[in-house]
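# Here is a sequence together with a model predicted from it:
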Amino acid sequence: MRAGRWKRAKEVQHWLRQRHEQKLSLAGVYYWLGKLGGVLKVPRKTHAQKDAAQAEEFQRTLCDKLKSLNVAGGRPVRIWVADEHRYGLIPVVRKCWTLRGLRPTAPYQTKYEWGYLYTALEVDGQNAAEFLCLPEVNLEMSRLFLERLVARDPQAEHVVIWDQAGFHPQPHLHDLPAQVHLIPLPPYSPELNPVEIIGDVIKDRIANTLWATLESLEAALGEELRPIYENAERVRSLVSHNWLINQVNATATENSAIPNSKWY
């Protein structure tokens, strides 16, 4: 089970019968799965082209990647994980509470208007959170986000860890805002980015609701995100991947003691 070998109880039942000549009913299989600590979960999708070894290596060597940046001495260094999430006027449908025997319904519309929430969460340091709603995702918008990030603390160097999406600038191909340093995540490895959880946060808020305008939807998102960007402990809990915290703390850089900045 730890290796994810079986997807269904019937597979375990077949394995017991073929390999060990043990004939158990499905009820018996469920019983022993429970006794062994098994739980039924919705699996997270993983891309067929993902290189698991590359993802593991990134977790082991992030400290070295941070040190190799040669960030200018004398400045505080702030380390961020970043990502984007799309939202729009076509409603998100999610589970909701109801009474047994009743089938709930959710309002729906086909209204094709979208926006994108750019997010950066600070790893350690002051555990700040920065959010910016933009109309598109492209190189121009990504650079604007980085510029706004720097503008909130122009005295610091900013290290941004995010994926290799085509609309993210690449250090060897594009000019970066001053004081910005990028570290790309391995391809097809979203589980390495704590910011992924923000997608669930915003979907939970806007689900099963008809929004007349993007402005009203974004106002609701702002209220939902407020407890995050106003509470460093909440950010700390979101980025508390042990490997990430350990690798960041192992570097010789010193995160700044600058109060949380907020923009939306």
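Cool, the structure landed. Residues are numbered from 1 along each chain as shown.
# Sketch out the helices for the stretch 101-250 of the chain, chain order is fine.
139-151, 197-206, 214-229, 232-238, 242-249 (DSSP state H, counting those that start in this stretch).
# Among those, which comes closest to Pro171?
Ranking these by proximity to Pro171 (Cβ to Cβ) places helix 139-151 first, at 11.7 Å. Where you see a C-beta, it was placed from the backbone N, CA and C, and this is true even at glycine.
# which other residues reach that closest one?
With contact meaning Cβ atoms under 8 Å, 6 or more residues apart in numbering, helix 139-151 is reached by 80, 82, 116, 118, 120, 130, 132, 134-135, 158, 160, 167-169, 174, 176-180, 263.
# Now do the residue nearest to Val239 when sequence neighbours are not counted against Met1, distance only.
Distances taken as Cβ to Cβ, 6 or more residues apart in numbering place Pro194 nearest to Val239, at 4.5 Å, with adjacent residues excluded. Between Pro194 and Met1 the distance, using Cβ to Cβ, to the nearest Å, works out to 25 Å.
# got it, and Tyr108?
38 Å.
# Lys95: neighbouring residues, count only.
Residues near Lys95, counting by other Cβ atoms under 10 Å, number 8.
# again, but for Ala129
So Ala129, with other Cβ under 10 Å, has 26 neighbours.
# What of Ala207?
14.
# For stretch 56-67, buried residues please.
Residues of stretch 56-67 classed as buried: Phe58, Gln59, Leu62, Leu66 (neighbour count, 16 or more other Cβ atoms under 10 Å).
# For Pro104, give me its contacts.
Cys96, Thr98.
# Arg19 now?
Arg19 neighbours (Cβ under 8 Å, 6+ apart): none.
# Just say helix, strand or coil for it.
helix (DSSP: H, G, I helix; E, B strand; the rest coil).
# Measure how far the helix or strand that contains Tyr30 is from the centre of its chain, please.
Using DSSP states H and E, Tyr30 sits within helix 26-35. Relative to its chain's centre, helix 26-35 lies at 34 Å (Cα atoms, centre = their mean, to the nearest Å).
# Tell me the helix or strand right after it.
helix 52-67.
# and that following helix, how far out from the chain's middle?
Here helix 52-67 is found 18 Å from its chain centre; the criterion is Cα atoms, centre = their mean.
# returning to what we had before: what packs against the helix holding Tyr30?
Other helices and strands packing on helix 26-35, by 3 or more Cβ pairs under 8 Å, 6 or more residues apart in numbering; DSSP states H and E, are helix 9-20.
# Rounded mean pLDDT for the helix it packs on, please.
Across helix 9-20, the average pLDDT comes to 92.
# Would you mind listing the buried residues in that helix?
Buried, per 16+ other Cβ under 10 Å, within helix 9-20: Ala9, Val12, Gln13, Leu16.
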